[in-house]
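fold the following for me, if possible:
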Amino acid sequence: MELEGRLVWDYRTSEWVYSSNAALVLYCYMTDESFPLEYPASHFDFDTWTAAADYCDLKGYTWQGSITPDMSPPDVINSITANFRGKLTYPDGKFGLKILDLNYEATVMTLTDEHILR
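Okay, here's the model as predicted:
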């Protein structure tokens, strides 16, 4: 048997679709009334969420997990975002979704003498 993913709202096309796209699954978890958070759509920065969903499609990042009643919302969110190096942000009172992509972001630190232990 082949599973198609969960029926989720694809805010990019305004359609219900079967998908395991990690960003779409996360949005579903945070907004669907069958889960504990139930945030309204007005609390989301769709520019960042659209970029994240497109990135997940491009890179093939999916979430194949399950949510059990004993899981806390932070545990579920961390489980989903870990699949695509995602990070929730909350600027200007809206949830944003950032991708931490090492292909585009370099980790740089300037070391000075004060950082060196002698």
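
burial check on residue 91, number of neighbours?
Number of residues near residue 91 (other Cβ atoms under 10 Å) recorded here: 9. Using the backbone N, CA and C atoms, a C-beta is placed for each residue, glycine as well.

excluding chain neighbours, what is closest to it?
Sequence neighbours aside, residue 45 is the residue nearest to residue 91 in space, at 7.4 Å (criterion: Cβ to Cβ, 6 or more residues apart in numbering).

so how far is residue 12 from the residue lying closest to residue 85 once chain neighbours are set aside?
Spatial nearest neighbour of residue 85, excluding adjacent residues (Cβ to Cβ, 6+ apart): residue 100 at 4.3 Å. Distance of residue 100 to residue 12, given as Cβ to Cβ, to the nearest Å: 21 Å.

so for those two, which residue has more residues nearby?
Per other Cβ under 10 Å, whichever of residue 100 and residue 12 has more neighbours is residue 12, with 16 against 12.

quick one, what contacts the more buried one?
Residue 12 sits next to 50, 53-54 when contact means Cβ atoms under 8 Å, 6 or more residues apart in numbering.

may I see the PyMOL selection of the buried members of these?
Selection of the buried residues among those in PyMOL, burial being defined by 16 or more other Cβ atoms under 10 Å:
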select buried, resi 53
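
report pLDDT for residue 39.
Note for residue 39: predicted pLDDT of 95.

look up phi and psi at it.
phi -70, psi 140 (degrees, to the nearest 10).

any idea how far residue 89 is from it?
For residue 39, the distance to residue 89 equals 14 Å [Cβ to Cβ].
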